[in-house]
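> Got a predicted structure plus its sequence, pasted below:
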Amino acid sequence: MAISKEQVQDKLSAAFGDNILAYSEPYGMLKVEYKATEHYKIVRLLKEDETFRFRFLTDLCAVHYPDEAGRELAIVTHLHSLENNFRLRLECRISDKSAEIESLTGLFAGANWMERETFDFFGIRFTGHPDLRRILNVDHMDFHPLLKQYPLEDSSREDKDDRFFGR
Amino acid sequence: MVEAPAGLEGQGFFATSLDKVIGLARANSMWPLPFATSCCGIEFMATMGSNYDLARFGSERMSFSPRQADLLMVMGTIAKKMGPVLRQVYEQMAEPRWVISVGACASSGGIFDTYSVLQGIDRIIPVDVYVPGCPPRPEQIIDGVMKIQELVKAESLRRRNQPEYKALLKSYGIEVE
């Protein structure tokens, strides 16, 4: 049984109305943008709907757009309906001042480590997450390295003195 | 066969100082602990293979327990999260112990000038010999091991009692009894 992009759009628009901001199809894959307050509810509806059956959380990550004031952080969720062979990209935006969003751990056990990683690199606090600690970086790191205000280079590097490179 | 150390030789006897004999024995029976984390480790495997054969220098036997190793060979990128592990391995090694840092990453962070990578293992443990290269060829690794052998031959018997050595370890915050 196959489902179409229109079916998904109709279902989401009917259930969430104005809280859905836009649909688009970059690279042929349906992308839904919505208000961050609806994050958990949208994923739950897509997962529990008996027709769509989006039962697999492919990925969950974030992107930092420092120039877009008030909506700096994009939280991107990829869902996969294995039975329908249908992939879906979800995106919502939050401000980096109050980077907080509801956790999906109640729906997908696999969201646990993905949200920890997103917290580690972007400092997004997932409310309701059972164990929101750093996962990849050292525990005592005091910043979130993929936020673009922090330099990529290690500040303790000594051999990159400009005098040695003629800069 | 290795050259005999300098000493007094006569009919039926040979006399030299004990530390030279022990230095000779230590230098030619080094048990390396390979701490290989990336491509330098692959070069090290070639160094151990029949073509280059580190066993010719008395380092036939790899030790995968730090307590039985004399030489810690750090080969590859050490992430900051790996730092405490490397340090613990070093601390578990018995005296006398030596460290060789193989390749640009272990020596200085190499191309990985980034927030997650340790910018040289000498920030957490003392290093005796650095082998440059990205990655170094097996000949270079052998040359580094031979440099270590020179150090070992010239080492005093109880290095751990020397004030310089104690001060060095103290500067790294490593406990010495």
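Nice, thanks for sending it over.

> Which secondary structure elements does the helix or strand harbouring residue B:106 sit against?
Element membership for residue B:106 (DSSP states H and E) is helix B:103-108. Packed against helix B:103-108 by the contact rule (3 or more CB pairs under 8 Å, 6 or more residues apart in numbering or on different chains; DSSP states H and E) you find helix B:39-48, strand B:71-75, strand B:129-131. Backbone N, C-alpha and C define where each C-beta goes, glycine included.

> so where do the helices sit in the chain?
With no chain named, the answer covers chain A. A:5-16, A:39-48, A:111-122, A:162-165 (DSSP state H).

> I was after chain B.
With DSSP H as the criterion, chain B has helices spanning B:18-27, B:39-48, B:83-92, B:103-108, B:138-154, B:163-171.

> quick one: the strands in chain A?
Using DSSP state E, the strands of chain A run over residues A:20-24, A:31-34, A:56-64, A:73-81, A:86-94, A:100-102, A:125-127.

> possible to save these as JSON lines with distance to residue A:50, mean pLDDT and mean neighbour count?
Formatted as JSON lines, these follow (distance: least, CB to CB, whole Å; pLDDT from 0 to 100; neighbours: other CB atoms under 10 Å in any protein chain shown):
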{"stretch": "strand A:20-24", "distance to residue A:50": "21", "mean pLDDT": "94", "mean neighbour count": "13"}
{"stretch": "strand A:31-34", "distance to residue A:50": "20", "mean pLDDT": "95", "mean neighbour count": "19"}
{"stretch": "strand A:56-64", "distance to residue A:50": "16", "mean pLDDT": "95", "mean neighbour count": "17"}
{"stretch": "strand A:73-81", "distance to residue A:50": "11", "mean pLDDT": "95", "mean neighbour count": "20"}
{"stretch": "strand A:86-94", "distance to residue A:50": "14", "mean pLDDT": "95", "mean neighbour count": "19"}
{"stretch": "strand A:100-102", "distance to residue A:50": "23", "mean pLDDT": "94", "mean neighbour count": "17"}
{"stretch": "strand A:125-127", "distance to residue A:50": "27", "mean pLDDT": "94", "mean neighbour count": "16"}
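
> how about those strands in TSV, adding distance to chain B?
TSV is the format used below for these (distance: least, CB to the nearest CB, whole Å):
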stretch	distance to chain B
strand A:20-24	33
strand A:31-34	30
strand A:56-64	15
strand A:73-81	19
strand A:86-94	23
strand A:100-102	24
strand A:125-127	21
